[in-house]
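# Model the following, please.
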Amino acid sequence: MQLTPIAELGITASIAGGNDRRPDAEFGLTSNVNRVYAFSVDAVPNDGTTFGVSYGYEEYKSLQHSRQANPGVQFLDPTRNWSTDGRERVHTASFSADLLKLAPKTEVHLSYDFSHSRSRYLYLLPPDTTLPPVSQLPSLFHELHHGVFDARYFVRRDMSLGVVYWYDNFRVDDFALDGDVLNRIDISAGVLLLANAYRPYRSNTVTLRISYLW
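Now for the predicted structure:
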């Protein structure tokens, strides 16, 4: 849905969803449901000045069935079934501004993006299970901040001097590729990891530039 109450203001809202259910599947993926909601506002108060802000929320759910069994009697034993209930929630937000006439011969661009995700996988056993109790996995966490300041000054009509500043801050807690998992390179037979771990970081980058236009 798009709404323009006045010429200088635009509002956009969207909803998306998916629903994949497989009731006849004994094993594997039996349910996959996702929902996405997004909302944004764009404003142009005057010539050369624009602002934009947006927010999005995503949710994903899945259910998978399996059986822990060896060939023989266990192979057909439903008391050895187990399931994985997965869920992930993601929040994203962004802000941007173009100030092309903030000062004479000067253009300024600003943007900031934020993403926050939490997910978990829950192991489920039937009431009549013959499997031993399970150890639940910890939840997963990802968060990213990304900001940009970009300004340039036109020395003359075909040449400008500019400066760009980038800010990044990444936080993560992921059991799949954290430092504890990668302490051993050879995890098991047939698996080789190259120590490419998910690690938090913070960076500040400054770039100076000269642009020539023709």
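
# From now on I want contacts and neighbour counts done on CA atoms only, so please keep to that.
OK.

# Neighbouring strands - and their directions - for the strand of greatest length in the chain?
Longest strand in the chain by number of residues (criterion: DSSP state E): strand 81-103. Using DSSP bridges, the strands paired with strand 81-103 are strand 49-67 (antiparallel), strand 106-124 (antiparallel).

# Make JSON lines out of those and add mean pLDDT, mean neighbour count and distance to residue 149.
JSON lines is the format used below for these (pLDDT from 0 to 100; neighbours: other Cα atoms under 10 Å; distance: least, Cα to Cα, whole Å):
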{"stretch": "strand 49-67", "mean pLDDT": "97", "mean neighbour count": "18", "distance to residue 149": "14"}
{"stretch": "strand 106-124", "mean pLDDT": "96", "mean neighbour count": "18", "distance to residue 149": "5"}
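
# Relative to residue 27, which of those is closest?
Between residue 27 and the strands paired with strand 81-103, the shortest gap by Cα to Cα is with strand 49-67, which sits at 4.7 Å.

# what's the offset of the closest one from the middle of its chain?
8 Å (Cα atoms, centre = their mean, to the nearest Å).

# which sections of the chain are below the confidence cut-off?
Within the chain, the ranges that satisfy pLDDT under 70 run 179-196.

# in it, which spans are strands?
2-6, 9-21, 28-46, 49-67, 81-103, 106-124, 140-156, 159-173, 201-212.

# Among the ones you listed, which comes closest to residue 75?
Minimum separation from residue 75 across the strands of the chain (Cα to Cα) falls at strand 49-67, 8.1 Å.

# tell me how far the ends of stretch 154-164 are from each other?
The first and final residues of stretch 154-164 sit 15 Å from each other (Cα to Cα, to the nearest Å).

# Contacts for it, please.
Contacts with stretch 154-164, where a contact means Cα atoms under 8 Å, 6 or more residues apart in numbering, come from 105-106, 148-153, 205-214.

# cutoff 10 Å now
104-109, 148-153, 205-214 (Cα atoms under 10 Å, 6 or more residues apart in numbering).

# do stretch 127-134 as well
In contact with stretch 127-134 (Cα under 10 Å, 6+ apart) are residues 67-69, 77-82, 122-125.

# What are the buried residues along it?
In terms of neighbour count (16 or more other Cα atoms under 10 Å), stretch 127-134 has no buried residues at all.

# please renumber so the chain begins at 573
In the new numbering, first residue 573, that becomes stretch 699-706.

# Report the backbone C-alpha coordinates of that stretch in PDB.
What follows is stretch 699-706 as a C-alpha-only set of coordinates in PDB (Å, rounded to 0.1, in the frame of the first residue of the first chain):
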ATOM      1  CA  PRO A 699       5.700 -38.600  25.500                       C
ATOM      2  CA  ASP A 700       6.500 -42.300  24.900                       C
ATOM      3  CA  THR A 701      10.100 -41.700  23.800                       C
ATOM      4  CA  THR A 702      12.800 -44.300  24.400                       C
ATOM      5  CA  LEU A 703      15.500 -41.800  23.600                       C
ATOM      6  CA  PRO A 704      17.700 -40.300  26.300                       C
ATOM      7  CA  PRO A 705      16.900 -36.700  27.400                       C
ATOM      8  CA  VAL A 706      18.200 -34.100  25.000                       C
END
